[in-house]
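Chemist: Sequence plus predicted model, see below.
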Amino acid sequence: MSDVQDELLRTLTKVANALRSAQIPFALTGGCAGYARGGPASEHDVDLLVREQDATEAVRVLVQRGMRAAEPPEDWLLKVYDGDSLVDLLFRPNERPVTDEILAMAEELPVGSVVLPVMPATFVLSSKLLVLDGHRCDFSELLPFARALREQIDWDQVREETKHSPYAEAFLVLIERLEIIGRGNGIRAVPRGKPA
């Protein structure tokens, strides 16, 4: 494990303990959620889902614990730093408001030294695919994620949730052609055409 990953896990522990103490519901998503589920380690940031009505209070609680708030350019999240470690508090990712129902999808799992709610791999992958566009179309982190967690992902649900995105469709075709899914194990990313 790298020093950056160690730092992120320490930050995650501090944030989880602070939010739980303040009774603010949250769930881990993004790369750290993939890591918690057996995927590759994340070295970018900690992504947490929070309800919009709790986001400002979550920042206040974390600042009281010694973190510093940062002004995000986006209007669907808030950011705090714990030293050099970035924490994104997402309340409307991909224009989908975080609700109690979404947070209820999370499963309590051990991550580093803490047990906390972690979003399902299907949700995480769909969210990552919906971010892809003409300026952000890098599959290099998505490929190892899909390979490591392919049995945990509901591919029909991913396909349905991302059907309007040509970038997501390209990724789904790619992982099938690479035989990450499909063919040998019966999981298919893209449905076969109807037989003639």
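Modeler: Structure received.
Chemist: Apart from its neighbours in sequence, what residue is nearest the residue nearest the centre of the chain?
Modeler: For the chain, the residue sitting closest to the mean C-alpha position, by CA atoms, centre = their mean, is Gly30 at 2.0 Å. Once its chain neighbours are removed from consideration, Gly30 has its nearest residue in Asp47; the separation is 3.0 Å (CB to CB, 6 or more residues apart in numbering). Yep, even glycine has a C-beta here, placed from its N, CA and C like the rest.
Chemist: Looks like the one you found contacts Gly34 (just checking).
Modeler: No. The pair Asp47 and Gly34 fails to qualify as a contact (CB atoms under 8 Å) at a distance of 10.2 Å.
Chemist: The two: who's more crowded?
Modeler: Remark: of Asp47 and Gly34, Gly34 carries more neighbours, 28 against 23, as counted by other CB atoms under 10 Å.
Chemist: quick one: contacts for that one?
Modeler: 40, 42, 121, 124, 145, 148-149 (CB atoms under 8 Å, 6 or more residues apart in numbering).
Chemist: Could you say which helix or strand holds it?
Modeler: According to DSSP states H and E, Gly34 maps onto helix 30-36.
Chemist: average pLDDT across that helix?
Modeler: Helix 30-36 comes out with an average pLDDT of 94.
Chemist: follow-up on the earlier one: ok, the residue nearest to Gly30 - contacts?
Modeler: Taking CB under 8 Å, 6+ apart, we find Asp47 in contact with 28-33, 88, 90.
Chemist: Report the secondary structure state of Pro40.
Modeler: Classification of Pro40 into helix, strand or coil gives coil, according to DSSP: H, G, I helix; E, B strand; the rest coil.
Chemist: nope, Glu108 is what I was after
Modeler: strand.
Chemist: Just the CA atoms of the lowest-mean-pLDDT helix or strand in the chain, as PDB, please.
Modeler: Across the helices and strands of the chain, mean confidence by mean pLDDT, DSSP states H and E is lowest for helix 3-21: a mean of 92. Below are the C-alpha coordinates for helix 3-21, written out as PDB (Å, rounded to 0.1, in the frame of the first residue of the first chain):
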ATOM      1  CA  ASP A   3       1.800   6.400   1.400                       C
ATOM      2  CA  VAL A   4      -0.900   8.200  -0.500                       C
ATOM      3  CA  GLN A   5      -3.300   5.300   0.100                       C
ATOM      4  CA  ASP A   6      -2.400   5.200   3.700                       C
ATOM      5  CA  GLU A   7      -3.200   8.900   4.000                       C
ATOM      6  CA  LEU A   8      -6.500   8.500   2.300                       C
ATOM      7  CA  LEU A   9      -7.500   5.700   4.600                       C
ATOM      8  CA  ARG A  10      -6.500   7.800   7.700                       C
ATOM      9  CA  THR A  11      -8.600  10.700   6.300                       C
ATOM     10  CA  LEU A  12     -11.500   8.400   5.600                       C
ATOM     11  CA  THR A  13     -11.400   7.100   9.200                       C
ATOM     12  CA  LYS A  14     -11.400  10.700  10.600                       C
ATOM     13  CA  VAL A  15     -14.200  11.800   8.300                       C
ATOM     14  CA  ALA A  16     -16.400   8.700   9.000                       C
ATOM     15  CA  ASN A  17     -15.900   9.100  12.800                       C
ATOM     16  CA  ALA A  18     -16.700  12.800  12.600                       C
ATOM     17  CA  LEU A  19     -19.900  12.400  10.500                       C
ATOM     18  CA  ARG A  20     -21.100   9.500  12.600                       C
ATOM     19  CA  SER A  21     -20.600  11.600  15.800                       C
END
